[in-house]
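In: Dropping the sequence and predicted coords here.
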Amino acid sequence: MLVIGDISLFHDLNGLWAARRHTLDLTIVLVNNNGGGIFNYLPQASHPTLFEEWFATPTGLDFAHAAALYGAKYTVARDWDAFRAALAAGLGGGFHIVELPTDRAANVAMHQQAWKAAADAAFTIEVAPA
Ligand SMILES: Cc1ncc(C[n+]2csc(CCOP(=O)(O)OP(=O)(O)O)c2C)c(N)n1
Ligand SMILES: [Mg+2]
């Protein structure tokens, strides 16, 4: 199993041919947030116009066509039940790509909430009387 982002898969797309050539049992989980989501953590993310063009670099590609080209079965998982079912099918053998559509901005917001919750919890522990 391979977990990979959309830009990384795009970069190495022709590597999919190896799975076909060697008839690999391979399930690729494609975390598709249409761009380099890691860069959404940087300060320049607050300048949307330049940020999208020069840092996020969304491709807007439909990877289902790449799956068809290289002979992989393609599934888009829009909820966790669909994701579990697609993984189970993939682990049954063969070459599969399971796309998980996600959102870059929402991802950062969720992480910020988690960081705040962790910081609040740590602070509570530190100041609590013994
Ligand atoms: C060969 C190579 N080119 C460029 C980079 C710079 N780089 C680091 S992360 C990244 C974007 C990754 O985007 P994606 O695979 O969609 O993952 P996400 O951050 O969205 O989870 C890039 C271009 C790199 N690390 N290696
Ligand atoms: Mg991405």
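Out: Received it, and whenever you're ready, just let me know what you need. Residues are numbered from 1 along each chain as shown. Ligands and ions are numbered 1, 2, ... in the order given.
In: CA only for contacts and neighbour counts going forward, please
Out: Fine.
In: Give me the pLDDT value at V127.
Out: Here, the pLDDT recorded for V127 equals 66.
In: Same question for P48.
Out: 79.
In: Start at 17, not 1
Out: Got it, first residue is 17 now, which makes that one P64.
In: hang on, isn't G106 packed against L40?
Out: No: taking contacts as CA atoms under 8 Å, G106 lies outside contact range of L40: 11.3 Å.
In: These two: which is more packed in?
Out: G106 (22 against 13; other CA atoms under 10 Å).
In: wait, what's in contact with the more buried one?
Out: D41, L42, T43, H112 (CA atoms under 8 Å, 6 or more residues apart in numbering).
In: residues in this protein within reach of ligand 1, list them.
Out: G21, D22, I23, S24, N49, G51, G52, G53, I54 (CA under 6 Å from any ligand atom).
In: what residues does the protein put near ligand 2?
Out: Contact residues, the chain versus ligand 2 (CA under 5 Å from the ion): G21, D22, N49, G51, G52, G53.
In: in a strand, that's where Y90 is, yeah?
Out: Yes: per DSSP: H, G, I helix; E, B strand; the rest coil, Y90 lies within a strand segment.
In: Find the nearest non-adjacent residue to it, please.
Out: I113 (5.0 Å; CA to CA, 6 or more residues apart in numbering).
In: who touches whichever strand or helix holds that neighbour?
Out: Following DSSP states H and E, one finds I113 within strand 111-117. By CA under 8 Å, 6+ apart, the surrounding residues in contact with strand 111-117 are 35-36, 39-49, 83, 87-94, 99, 102-103, 106.
In: Give me the buried entries from these.
Out: Neighbour-count burial within the contacts of strand 111-117 applies to 35-36, 42-49, 83, 87-88, 90-93, 99, 102-103, 106; the criterion is 16 or more other CA atoms under 10 Å.
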